[in-house]
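1. Here's my sequence, what's the structure:
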Amino acid sequence: MRASFDRWWLLPLAILVASALVALGIVVFEPSFIDRSSGEVAHRGASEVAVADCSGSLSADYACHQQRYQDLVRESGVEAAFAELKDDN
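-> All right, here's what the predicted structure looks like:
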């Protein structure tokens, strides 16, 4: 029984190492969602984005709305998609 308690520190060490590797990966590979500044997103208007039109017969089509908001997030950022969603309700 004594042998199992001698390695209690391995789990916290493993968590620390994994966290450091994730942080290093973010710094080294710079994911695309980090590249956009909030100022850049604010300056881009919804009129510049070509998104799906889900009005009329497509107003009840979930796939159309899903594609619309994915396009908005990709082109204008999450803030613009949330603003559009808020305005729709």
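2. Quick check: next helix or strand after the helix or strand of the chain with the lowest mean pLDDT?
-> Lowest on mean pLDDT, DSSP states H and E among the helices and strands of the chain sits helix 38-43, with a mean of 50. Downstream of helix 38-43, the next assigned helix or strand under DSSP states H and E is helix 62-76.
3. So for that next one, what gets flagged as buried?
-> Within helix 62-76, the residues that count as buried by 16 or more other Cβ atoms under 10 Å are 64-65, 68-69, 72, 75-76. No exception for glycine: its C-beta is placed from N, CA and C like everyone else's.
4. What distance do you get for Glu75 to Gln66?
-> Glu75 sits 15 Å away from Gln66, going by Cβ to Cβ, to the nearest Å.
5. brain fart, Leu24
-> 34 Å.
6. Need the per-residue pLDDT for Ala52.
-> Per-residue pLDDT puts Ala52 at 74.
7. Tell me who's in contact with it.
-> 58, 64, 67-68, 71 (Cβ atoms under 8 Å, 6 or more residues apart in numbering).
8. and with 6 Å instead?
-> By Cβ atoms under 6 Å, 6 or more residues apart in numbering, the contact set of Ala52 is 64, 67-68.
9. contacting residues around Ala81?
-> Ala81 neighbours (Cβ under 6 Å, 6+ apart): 69, 72-73.
10. And these, which is closest to Trp8?
-> Val73 (43.3 Å; Cβ to Cβ).
11. so how far is stretch 79-89 off the chain centroid?
-> 16 Å (Cα atoms, centre = their mean, to the nearest Å).
12. can you check stretch 11-26 too?
-> 21 Å.
13. Which positions in that stretch come out as buried?
-> For stretch 11-26, using 16+ other Cβ under 10 Å, no residue counts as buried.
14. quick one: average pLDDT of it?
-> Across stretch 11-26, the average pLDDT comes to 90.
15. top helix in this protein by residue count?
-> Secondary structure of the chain per DSSP state H: the longest helix is helix 10-29.
16. residues in contact with it?
-> Counting contacts by Cβ under 6 Å, 6+ apart, no residue outside helix 10-29 touches it.
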